[in-house]
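>>> sequence first, then the predicted structure, then my questions.
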Amino acid sequence: RVQFDPNNANKCVIVYRPALCGKGTAIVGTVSGTGFAAFGTPVDFCDDSSSDNDLAFDPNTANKFLVSYRDSGNHNMGTGKVGTLSGTSISFGTDVVFHSESINKIVMVSDLNNANKYVIAYQDNADSDKGNAIVGTVSGTSVSYGTKVIFDAAAANSIGMSWDENLEKCIITFSDGGNGEYGTVVVG
């Protein structure tokens, strides 16, 4: 996944899983014209194998972003970590679990109207792949989480999410496994 930093022109962060080690890794890219001028040094945010990595920047808080991932080294639990940018370098706070059972299909957005707030949607593997959402609140280099809410009582597949700044709401799209995989939308 890749996200541009809304507070630093021409800077983006890419989170990925290298094939050789599988660790969750992040890197800063600097865009120039139609290509990349430079990349920073890759930094691991997960010491074990990770998957379903996603990130979001908060346009209200400079140099901060939240990364969420499925921590394969910790029973595939949903985990988050705050990242801090300094030029082309990234540092991370500590891991915080937001779902203590196996999850999948993580997507996230920042609340464009409220600083340090994020919404994470995901599939709960331990509960029949139900669609869940949870709010994360960043404070400094740490994140805390609210209570999860089920947005689809059946298997939620192909999850997508966006934030509407004018409505101050998030829109979650998914294919509903309990309703013939029909494309479905809920508002949060």
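That came through, no problem.
>>> for stretch 35-44, list every residue counted as buried.
By 16 or more other Cβ atoms under 10 Å, the buried positions in stretch 35-44 come out as 40, 43. All C-beta atoms are positioned from the backbone trio N, CA, C, and that covers glycine.
>>> convert it to CSV, retaining C-alpha atoms only.
What follows is stretch 35-44, C-alpha atoms only, in CSV (Å, rounded to 0.1, in the frame of the first residue of the first chain):
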residue,chain,number,x,y,z
GLY,A,35,9.2,9.4,-11.1
PHE,A,36,10.9,8.9,-7.8
ALA,A,37,13.9,11.0,-7.0
ALA,A,38,15.0,9.0,-3.9
PHE,A,39,13.9,6.4,-1.3
GLY,A,40,14.8,6.4,2.4
THR,A,41,16.1,3.4,4.3
PRO,A,42,13.5,0.5,4.7
VAL,A,43,12.3,0.1,8.3
ASP,A,44,10.6,-3.0,9.7
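>>> which other residues reach that stretch?
Here stretch 35-44 makes contact (Cβ atoms under 8 Å, 6 or more residues apart in numbering) with 10, 23-31, 87-92.
>>> show me which of those are buried.
23-30, 90, 92.
>>> who's in contact with residue 137?
Counting by Cβ under 8 Å, 6+ apart, residue 137 makes contact with 116-118, 143-146.
>>> most neighbours among these, which one is it?
Each of the contacts of residue 137 was scored by neighbours using other Cβ atoms under 10 Å; the highest score is residue 118's, at 26 neighbours.
>>> for the host helix or strand of that residue, which strands pair with it and how are they oriented?
Per DSSP states H and E: residue 118 is located in strand 117-124. Within its sheet, strand 117-124 is paired with strand 96-110 (antiparallel), strand 130-139 (antiparallel), according to DSSP bridges.
>>> helix or strand next in line after the least confident helix or strand in the chain by mean pLDDT, which one?
One helix or strand of the chain scores below all others by mean pLDDT, DSSP states H and E: strand 35-39, with a mean of 83. Per DSSP H and E, the first helix or strand lying C-terminal to strand 35-39 is strand 43-57.
>>> export only the CA atoms of the next helix or strand after that following strand, formatted as PDB.
Sequence-wise, the next helix or strand downstream of strand 43-57 (DSSP H and E) is strand 64-71. The C-alpha coordinates for strand 64-71 follow below in PDB (Å, rounded to 0.1, in the frame of the first residue of the first chain):
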ATOM      1  CA  LYS A  64       2.300  11.000  11.800                       C
ATOM      2  CA  PHE A  65       0.600   8.000  10.300                       C
ATOM      3  CA  LEU A  66      -0.900   4.800  11.500                       C
ATOM      4  CA  VAL A  67      -0.100   1.400  10.100                       C
ATOM      5  CA  SER A  68      -2.300  -1.600  10.700                       C
ATOM      6  CA  TYR A  69      -1.500  -5.200   9.900                       C
ATOM      7  CA  ARG A  70      -2.100  -8.900  10.500                       C
ATOM      8  CA  ASP A  71       0.700 -10.100  12.700                       C
END
